[in-house]
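Q: Show me the folded form of this:
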Amino acid sequence: MKMILSFLFVLAHSFLFSQKPEPPPPPPPASGSGTFQKIEVEPAFPGGEKGWTNYLLKNLNPTVPVTKGVRTGTYTVVIQFIVKKDGTIKHFKALTNHGFGMEEEAIRVIKTRPK
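A: Got it, this is the predicted structure:
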């Protein structure tokens, strides 16, 4: 059971702590300056860290690796993806390859999350 909770905890915190807080918007350029400013807003889960943790607790199936014969231990799963402006996500890529369905389960849960 400890391994299952570790998998859930690592997945939750890997996602949350890779996010940067939203920076305050820069002041508007002086009129007529013609300067272009690129503004990127980091995506955040509705409800913040608590909302993400609750979502994982309700939706992540931590028994997936156990039922597929994983050895006891702590595993970190890293998933790369792009969040579009409208909140949809695309281009999933597992950056780890532990097997035992871990990466697939993480991708499944991330794909089914709210915008």
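Q: Tell me the secondary structure at residue 55.
A: helix (DSSP: H, G, I helix; E, B strand; the rest coil).
Q: Would you map the strands across this structure?
A: 79-83, 89-94 (DSSP state E).
Q: and the residue nearest to residue 112 when sequence neighbours are not counted, what is it in contact with?
A: Among residues not flanking residue 112 along the chain, residue 59 sits closest, at 6.7 Å (CB to CB, 6 or more residues apart in numbering). No exception for glycine: its C-beta is placed from N, CA and C like everyone else's. Shown in contact with residue 59 (CB atoms under 8 Å, 6 or more residues apart in numbering): 109, 112-113.
Q: redo that, cut-off 10 Å
A: 105, 108-110, 112-113 (CB atoms under 10 Å, 6 or more residues apart in numbering).
Q: which intervals of the chain have sub-threshold pLDDT?
A: 1-39 (pLDDT under 70).
Q: so can I have TSV of the contacts of residue 59 showing distance to residue 91 and neighbour count?
A: Below are the contacts of residue 59 laid out as TSV (distance: CB to CB, whole Å; neighbours: other CB atoms under 10 Å):
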residue	distance to residue 91	neighbour count
105	19	21
108	16	15
109	17	19
110	12	18
112	17	9
113	16	16
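Q: Switch the residues you listed over to TSV; also include distance to residue 50.
A: TSV is the format used below for these (distance: CB to CB, whole Å):
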residue	distance to residue 50
105	22
108	22
109	17
110	18
112	19
113	14
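Q: how many neighbours does the closest residue to residue 96 other than its chain neighbours have?
A: Nearest non-adjacent residue to residue 96, counting by CB to CB, 6+ apart: residue 78, 4.9 Å away. Residue 78: 16 surrounding residues under other CB atoms under 10 Å.
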